[in-house]
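Undergrad: sharing a model prediction with you, sequence too.
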Amino acid sequence: MTVQDIRAFNRFYTNVIGALDYSRHLYAPFTLTESRVLYELAHVPHTDAADLRSELSLDAGYLSRILNRFEQDGLIERTPSQRDPRRRQVTLTARGRETADLLAERADESVGALLATVPATDRPRLSEALRTVRTILSDGPPLTRPEDVVLREPGPGDLGWIVQRNAALYAAEYDFNADYEGLVARIVADFAEDHDPHLERVWIAELDGRPVGCVMCVRDDAPGTARLRLLLVEPDARGLRIGDQLVSAVVEFARGVGYRDLVLWTNDILGAARRIYQRHGFVLTAEKPHRSFGQDLVGQDWRLDLHGTGE
């Protein structure tokens, strides 16, 4: 391996991703650096200029010019930081979030088109090669961050994975019996056999090419009401706000397609999940003891008014 080998790869890859003409590549008036700043602001909502400068290794003057432009264009607003009044917290405006979402959508489409040229049999090898590069150049296992998690639609085998992982995790963590696996299997089968893709959806959280979480949004029996079901995050992926990302996806989807309410049923022993629901504005509406899945439990009904303030 020589310096020229790495430089040759850099030239190849910048051409592949269109880094030299990024604004034209994504049909947006932003450079690659500006797009990355928007990305960070969209995924780390409570940050300031010093954090951005450190995270992205940017020159202070260059970052200041980018932020000034964003502020003039109505994409961000700067307010005193609650952590340190001497700093200015930078947050996206509604227009800024729409812009960041559009850039993310176009970037996903661009990478998706690139990935579509790779045969399915070669994709695991490509994924492993990318992990190898990150690991070696990071001088150890690369630090995983919440923004490394990708939410996607389920592919072949993913619905089966939802059933298998729910059954295995709830048996291991709460000693649920096979009745729970049967319940999950029926929920997933009902979705697979008959669902309206405009009003119902499943998300798979993926990290380093493997599924690490899931959630469903389906129609409830009550008119105008959606139901959140089967939220799950793998134990080794917890701490990355994956549960929050999945619940946010359901809330935004349900609100966007016109549901008035979002409801869910859970049990009081699921403390981490309940705290996520509370952070997103869900309110406990009823609870009732029951015996299910081989355990004595307290079932809980939660509700979110989608016409309210949301999170």
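TA: That came through fine.
Undergrad: do I have it right that Ser35 meets Tyr22?
TA: Yes - between Ser35 and Tyr22 there is a contact at 6.5 Å, judged by C-beta atoms under 8 Å. In this view, the C-beta of every residue, glycine as well, is placed from N, C-alpha and C.
Undergrad: how many other residues sit next to Arg78?
TA: 16 (other C-beta atoms under 10 Å).
Undergrad: low pLDDT regions in the protein?
TA: For the chain, applying pLDDT under 70 flags the ranges 44-46, 82-84, 138-147, 308-311.
Undergrad: pull out the buried residues from the helix ranked longest in it.
TA: Counting residues, the longest helix found in the chain (DSSP state H) is helix 94-116. Within helix 94-116, the residues that count as buried by 16 or more other C-beta atoms under 10 Å are 96-97, 99-100, 103-104, 107.
Undergrad: hmm, who's touching it?
TA: 16-18, 25-28, 30, 35, 38-39, 41-42, 70, 74-76, 92, 123 (C-beta atoms under 8 Å, 6 or more residues apart in numbering).
Undergrad: excluding chain neighbours, what is closest to Phe30?
TA: Among residues not flanking Phe30 along the chain, Ser23 sits closest, at 5.8 Å (C-beta to C-beta, 6 or more residues apart in numbering).
Undergrad: try Gln89
TA: Ser81 (4.4 Å).
Undergrad: does that neighbour touch Arg88 like I think?
TA: Yes - using C-beta under 8 Å, Ser81 makes contact with Arg88 at a distance of 6.4 Å.
Undergrad: mutual contacts of these two, please.
TA: Asp48.
Undergrad: quick one: which of the two has more around it?
TA: Set side by side, Ser81 and Arg88 show more neighbours around Ser81, with 18 against 15, by other C-beta under 10 Å.
Undergrad: end to end, how far does stretch 16-30 reach?
TA: Length of stretch 16-30, first residue to last, C-alpha to C-alpha, to the nearest Å: 18 Å.
Undergrad: should've said stretch 190-208
TA: 29 Å.
Undergrad: buried ones in that stretch?
TA: 191, 195, 200-208.
Undergrad: which residues in the protein form helices?
TA: Going by DSSP H, the chain shows helices at 3-17, 22-25, 32-43, 49-56, 60-72, 94-116, 123-137, 158-174, 178-193, 242-256, 271-279.
Undergrad: the inter-axis angle of the first one versus helix 94-116?
TA: What separates the directions of helix 3-17 and helix 94-116 is an angle of 110 degrees, with axes from the mean of the first three to the mean of the last three C-alpha atoms, to 10 degrees.
Undergrad: begin at 202 from now on, thanks
TA: Done: numbering now begins at 202, and the last item shifts to helix 204-218.
Undergrad: which helices and strands sit right next to helix 204-218?
TA: helix 295-317 (3 or more C-beta pairs under 8 Å, 6 or more residues apart in numbering; DSSP states H and E).
Undergrad: likewise for the last one?
TA: Contact here means 3+ C-beta pairs under 8 Å, 6+ apart; on that basis helix 472-480 packs against helix 443-457, strand 462-468, strand 496-506.
Undergrad: I'd like those as JSON lines, with mean neighbour count and distance to Gly262 appended.
TA: Below are the helices and strands packed on helix 472-480 laid out as JSON lines (neighbours: other C-beta atoms under 10 Å; distance: least, C-beta to C-beta, whole Å):
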{"stretch": "helix 443-457", "mean neighbour count": "20", "distance to Gly262": "34"}
{"stretch": "strand 462-468", "mean neighbour count": "19", "distance to Gly262": "45"}
{"stretch": "strand 496-506", "mean neighbour count": "16", "distance to Gly262": "44"}
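Undergrad: for these, give me TSV that also has distance to Gln365.
TA: Listed next are these as TSV, based on distance: least, C-beta to C-beta, whole Å:
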stretch	distance to Gln365
helix 443-457	18
strand 462-468	20
strand 496-506	20
